[in-house]
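Student: Generate a structure from the sequence data that follows.
(2 chains)
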Protein chains: 2
Amino acid sequence: MSSNSPLVTLADVRAAHARIRACVHRTPVLTCGRLDEATGARLFFKCENFQKVGAFKARGAHNLILGLGDTEAARGVVTHSSGNHAAAVALAARRRGVPATIVMPRNAPRVKQAAVAGYGATIVPCEPTLAAREAAAAEIIARTGATLVHPYDDDRIIAGQGTAALELLEDAPDLELLLTPVGGGGLLSGSAVTAKALRPGLRVIGTEPAAADDAAQSFRAGRRLAGPPPQTIADGLRVSLGERNFAHIIRHVDDIVTVSEAGIVLAMRLVWESMKIIIEPSSAVPVAALLENRLPAGGRRVGVILTGGNVDLDALPWSGR
Amino acid sequence: MSSNSPLVTLADVRAAHARIRACVHRTPVLTCGRLDEATGARLFFKCENFQKVGAFKARGAHNLILGLGDTEAARGVVTHSSGNHAAAVALAARRRGVPATIVMPRNAPRVKQAAVAGYGATIVPCEPTLAAREAAAAEIIARTGATLVHPYDDDRIIAGQGTAALELLEDAPDLELLLTPVGGGGLLSGSAVTAKALRPGLRVIGTEPAAADDAAQSFRAGRRLAGPPPQTIADGLRVSLGERNFAHIIRHVDDIVTVSEAGIVLAMRLVWESMKIIIEPSSAVPVAALLENRLPAGGRRVGVILTGGNVDLDALPWSGR
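Tutor: This is a model prediction of the structure:
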């Protein structure tokens, strides 16, 4: 699919929603007086940390895998990931009843390997480099004819991730701003497609760690730039912006702002303490943008997608380890 | 009030609910497939960790303070506590517009002192002994005529705490078991009054750390026994069963079971990881009772009141400190 293909539309997002809604949670939208006070805005949190597999990634993976033709599906699916997308693919494949193979670096946390194995997927270990992961996945595809489920650079993934914003705008229709983190750009591009179609006046803003700011740089340059390898505490965002994602973002997104690493940790902890919910560092990035005053949100109604809640409770970012 | 006074009734709980409902959150009832699998039961969690001040204590304190006559209220309220009850009294007094004085041990965590001060209450520091706390409170009452807001041994507190079970049974009407932790017994006695009046066949079971099992011992003996000073990780339960609480419990509660300290930590962590919500150790006690198989819950519909979510994120029980 080239970058000149037609963009994903609201109709695609609605079709994705119809396809996946019986398989994923309709997550709640929570509010918090203390965070409203701290930011000066009126915040509406879409809690994808409560989603299946603990992250919004369940949406895109289900949309792609449930949408495959029977013959294609029967050959199985494959992905390379050590994170939430791996669990999402494993779960969606089990739901579809087709084999899933997950290429995972040998050093992936045991708890993540166990989660993927628990959904019945086959784990293929590889060296912890992107080249090794891609090579292993390509080999499996060549051998089995399995379908690659890319974590973000695919229109079916973009449409699936857009369903979180669709639900959020049903529950909080009069938002003025919508914030999501941006890593590969699956969530931001799907959210922007959805929000701009439903409410053209709503501003959609991506939020990114300054230490992994290739999306912000690309957005400003108007072309996709490869930054240095992203080194951020927000482990879900240690990837580079996808080609299809960039095409949607440059068309629909209003701005991308960056935040400090310290601000991410502070925001994460404040959400834990104020809302009594567990979010992972990536989820804290838009909250950090509000706390660091990186965008004009004062007095506005702001939607924030909390992307996931998978953290290693033995290595919290404020524990000094 | 002697132990021969009439017990709190469902009508008292309903009156409490009418009095406080505009001031406290109607907390959600959550379910979790992973915890259902782990326990073999069907669990309905009443999430008082999302309550104002982060704990069910907001209910009883508001009921007592909002129910005072104007003259009485104007003289202020006082309590001695270093925990959730202190914050609850401070918040309810601010709502009523009357002065609150909280006697707190000098070594109370700074964050708890800050929370109480943030609600506008006056903190009176004292030595960290029960005798010193009671003496300081008595002195304030003698001097000002303030009303003591006991953390549990008071019918108005019992009725207020019962409103959590009232809401839970509205949202999950066909429960077969209801579990709460028991420390002083305010929540357990209020819950039992409510549950038995609404559904006589529902079994109400208190859950207690084995390391602080004076309620279980008293229940079995049929009279209130003072155990050794409770030393449990469940900091909310380091108190002894109250007189009025015992009177209600012996009448309405079906059993009290105990759990290990290791079981509490395990259950707390499992709730964090599975539900992505933050609960404090006391909240994990009923979950531990299910995981340790201390009561026949298999296949049953079980209500669990998650009592609070205030934890020191710098000293988590699994961090080995």
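Student: Stretch A:53-60 and chain B in contact?
Tutor: Yes: on the criterion CB under 8 Å from any CB of the partner chain, stretch A:53-60 is in touch with chain B at residue A:54. All C-beta spots, glycine's among them, are computed from the backbone N, C-alpha and C.
Student: from the chain's centre, how far out does that stretch sit?
Tutor: Centroid separation between stretch A:53-60 and its chain, computed with CA atoms, centre = their mean, to the nearest Å, is 8 Å.
Student: what's that stretch in contact with?
Tutor: Residues from elsewhere that reach stretch A:53-60 (CB atoms under 8 Å, 6 or more residues apart in numbering or on different chains): A:16, A:20, A:23-24, A:48-49, A:51-52, A:83-85, A:87-88, A:91-92, A:115, A:151-152, A:154, A:156-161, A:163-164, A:186-187, A:190, A:236, A:280, A:305, A:307-310, B:276.
Student: Among these, name the ones in helices.
Tutor: If you go by DSSP state H, those have A:16, A:20, A:84-85, A:87-88, A:91-92, A:115, A:156-161, A:163-164, A:186-187, A:190 in helices.
Student: where does chain A have low pLDDT?
Tutor: Along chain A, the parts satisfying pLDDT under 70 run over A:1-3, A:320-321.
Student: how far away is the residue nearest the centre of it from residue B:112?
Tutor: Nearest to the geometric centre of chain A sits residue A:187, at 4.7 Å (CA atoms, centre = their mean). Separation of residue A:187 from residue B:112 (CB to CB, to the nearest Å): 37 Å.
Student: With residue A:27 instead?
Tutor: Noted for residue A:27: a distance of 32 Å to residue B:112, by CB to CB.
Student: and the stretch 201-321 of chain A, which of its residues are near chain B?
Tutor: By CB under 8 Å from any CB, the residues of the stretch 201-321 of chain A that approach chain B are A:269, A:272-273, A:275-279, A:309, A:313-314, A:316, A:318-319.
Student: and the two most separated of those?
Tutor: Within these, two members stand farthest from each other by CB to CB: A:275 and A:314, at 22.1 Å.
Student: Tell me the residue of the stretch 151-300 of chain A that sits nearest chain B?
Tutor: Relative to chain B, the nearest point of the stretch 151-300 of chain A is residue A:276 (3.6 Å; CB to the nearest CB).
Student: what's the neighbour count on that residue?
Tutor: Residues within reach of residue A:276, counting by other CB atoms under 10 Å in any protein chain shown, total 24.
Student: cool, residue A:37 as well?
Tutor: By other CB under 10 Å, 10 other residues sit near residue A:37.
Student: cool, residue A:86 as well?
Tutor: With other CB under 10 Å as criterion, residue A:86 counts 29.
Student: Please, where are all the strands along the stretch 51-200 of chain A?
Tutor: A:77-80, A:100-105, A:122-126, A:147-148, A:177-181 (DSSP state E, counting those that start in this stretch).
Student: Which secondary structure elements does the first one sit against?
Tutor: Which is strand A:77-80. helix A:84-96, strand A:100-105, helix A:130-144, strand A:147-148 (3 or more CB pairs under 8 Å, 6 or more residues apart in numbering or on different chains; DSSP states H and E).
Student: and the third one with strand A:122-126, angle?
Tutor: To tie it back to what came earlier, the one meant is helix A:130-144. Counting by axes from the mean of the first three to the mean of the last three CA atoms, to 10 degrees, helix A:130-144 lies at 140 degrees to strand A:122-126.
Student: Kindly report the same for the second one.
Tutor: Interaxial angle, strand A:100-105 versus strand A:122-126 (the same axes, to 10 degrees): 20 degrees.
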